[in-house]
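Colleague: sequence below, structure please.
(one chain, ligands or ions: 1)
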Amino acid sequence: YKNPHYAPGRSTMVHLFEWKWDDIAAECERWLGPRGFGGIQISPPNENLVIWTHNRPWWERYQPMSYHLSTRSGNEQQFASMVRRCNNAGVRIYVDAIINHMTGTWNENVGTGGNTANFGQFSYPAVPYGRNDFNWPECYIQPNDYRCCPERVRNCQLSGLKDLNQSSEHVRRMIVDFMNRLIGMGVAGFRIDAAKHMWPGDLRVIYDRLDNLNTAHGFPSGARPYIYQEVIDLGGEAVSRDEYTPLAAVTEFKFGVELSRAFQGGNQLRWLVNWGPQWNLLASADSLVFIDNHDNQRGHGAGGNILTYKLARPYRAAIAFMLAHPYGEPQLMSSYGFQNTEAGPPMDSRGDLISPSINSDNTCGNGWICEHRWRQIFQMVAFRNVAGSTTINDWWDNGSSQIAFCRGGQGFIAFNNDSWDLNQTLQTCLPAGRYCDVISGVKSGNSCTGKTVTVGNDGRAHISVGANDYDMMLAIHRGDESRL
Ligand code: AAO
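Modeller: Here you go, the predicted structure:
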């Protein structure tokens, strides 16, 4: 369950948060496929409670009403078409699976597919679930439970969300049927929402009942779905990430916390020389990594001071480090702009989502940020693809926050987070020639719209990253996007 089964030569998943299925399909064909992206995490595809009393917040999608594929992102036919078109473009789809719970109790009770529920009776007829399918008696997770009481974390309600009992055979069957239906339609895997709140033993039963990936969508025979479990573990809690790594991959929240600190100047970059398990991160193969996610970019979940698109310069640098470094399976966040942390995505007065528009410079409009279309980010996805399975060599630092390293003979990157210029002749490990810095510009014919780096026969080149440059990094590699 730890292999994302990306198409050959690809890497990196992007979370297209709250995008519509038709728009995702188009994005696979016009952008993600051609640019070498590996996959997409989509918002939950199953029917959720419509919550007008909070003006359709983003978090209504984390309150399932049924497993019908009917949401603001689209219907079942649009979902199937998206998966097929993206797989044809070489881009995999990963589903955010909400299997820990159903809704909270509300005075509205109609779902995005038109189904209703009776919250007092714990009745969700469109699944169907009834009172016997939930943990009983009702209890609510309190902050201190995270420290003392694993059975309360697993058997009580998270935020008042009705807590399914995954040891029930009926619940298991409903969940497995839902996930297998998606696998049949060609998805490559799942994010398991709130995995901390389910018993590892129950999850193992569910995972082991999942079908192999669909060979008609280009997966090798016998391939298991990629599963990454959302377990927030910053240390010191009764439930640990280590209970889940024997099952499948786990989200590594320390990754974004530490890199956000370092690239905001709270830690010298030279300490990143041993980035990985020596920082108490999970083993690389167990780890799904990101700087920000849809929760912590708006203060939900865990971890303060997480970098987001709002602090764009250090954010781009942290993302570049994530993509340049071989540790973990990286995931990018692609956001809509927000001030209010509850606010849902761009929508019209009927509550229908408004599609991102695409500007002539490839950026997005209509309120969508589209970090995955920022030059410094998408060009680092290509860097990662070129670097492949190489490891780090020729690490250099100045004893402070200027660092540089090679990825085998495939790529070279330098960062300057000091308040003085970086001006050094450094080993790039690349063949002699001229290279376009993929951070400050793009290759255009035989020239570069940004900095050009000339590598000598000894592999060395003069590297310059000014303290006041627009970006704090410079990257060159052997691929077409950089070689002049
Ligand atoms: C909404 C309303 C609620 C209402 C509820 C029911 O906001 O007021 O009661 O509906 O009607 C999202 C939103 C929720 C929303 C929910 C349903 O975030 O606000 O509730 O949809 O609409 C825990 C879980 C983790 C979860 C996270 C948000 O462990 O799984 O809370 N994330 C996922 C999704 C998320 C979604 C759900 C789960 C539910 O990604 O979008 O909720 O489907 C500690 C624990 C963490 C715990 C946090 C937050 O963290 O370790 O496990 O996360 O507390 O309670 C320091 C510590 C750190 C600690 C943190 C916060 O940073 O180091 O460990 O402080 O105390």
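
Colleague: residue for residue, what is the longest helix the chain has?
Modeller: In terms of residue count, the longest helix belonging to the chain (DSSP state H) is helix 169-184.

Colleague: identify the bridge partners of the most centrally placed residue in the chain.
Modeller: Residue closest to the mean C-alpha point of the chain, counted by C-alpha atoms, centre = their mean, is residue 331 at 3.5 Å. Note on residue 331: beta-bridge partners residue 13, judged by DSSP bridges.

Colleague: just checking, what packs against the longest helix of the chain?
Modeller: In terms of contacts (3 or more C-beta pairs under 8 Å, 6 or more residues apart in numbering; DSSP states H and E), helix 169-184 is packed against strand 92-97, helix 200-208. Just so you know, the C-beta spots here come from the backbone N, C-alpha and C atoms, and that holds for glycine as well.

Colleague: report pLDDT for the residue nearest to the centre of the chain.
Modeller: We have a pLDDT of 98 for residue 331.

Colleague: how close does it get to the ligand?
Modeller: Distance, residue 331 to the ligand, by C-beta to the nearest ligand atom, to the nearest Å: 13 Å.

Colleague: now do residue 180
Modeller: 21 Å.

Colleague: now do the same contact list for that residue.
Modeller: In this structure, residue 180 makes contact with 209, 210, 211, judged by C-beta atoms under 8 Å, 6 or more residues apart in numbering.

Colleague: number of nearby residues for the second one?
Modeller: Taking other C-beta atoms under 10 Å as the criterion, the count of residues near residue 210 is 19.

Colleague: which of the helices and strands packed on helix 169-184 sits most buried?
Modeller: strand 92-97 (a mean of 26; mean count of other C-beta atoms under 10 Å).

Colleague: hmm, the helix or strand that comes right after that one in reach of the ligand?
Modeller: Later in the chain than strand 92-97, the nearest helix or strand by DSSP states H and E is helix 145-148. Yes. Helix 145-148 is in contact with the ligand by C-beta under 6 Å from any ligand atom, via residue 146.

Colleague: who does helix 145-148 touch, helix- and strand-wise?
Modeller: helix 150-155.

Colleague: now the helix it packs on: buried residues?
Modeller: 150, 152, 153, 154, 155 (16 or more other C-beta atoms under 10 Å).

Colleague: repeat that for stretch 105-118.
Modeller: Neighbour-count burial for stretch 105-118 [16+ other C-beta under 10 Å]: 106, 111, 112, 113, 115, 117.

Colleague: how far is that stretch from where the chain is centred?
Modeller: Taking C-alpha atoms, centre = their mean, to the nearest Å, the mean C-alpha location of stretch 105-118 is offset from the chain mean by 29 Å.

Colleague: and the end-to-end length of it?
Modeller: End-to-end distance of stretch 105-118 (C-alpha to C-alpha, to the nearest Å): 9 Å.

Colleague: mind checking the pLDDT average for that stretch?
Modeller: Here the average pLDDT along stretch 105-118 is 98.

Colleague: which residues touch that stretch?
Modeller: By C-beta under 8 Å, 6+ apart, stretch 105-118 touches 47-53, 65-66, 68, 70-72, 102-103, 119-120, 123-126, 160, 162.
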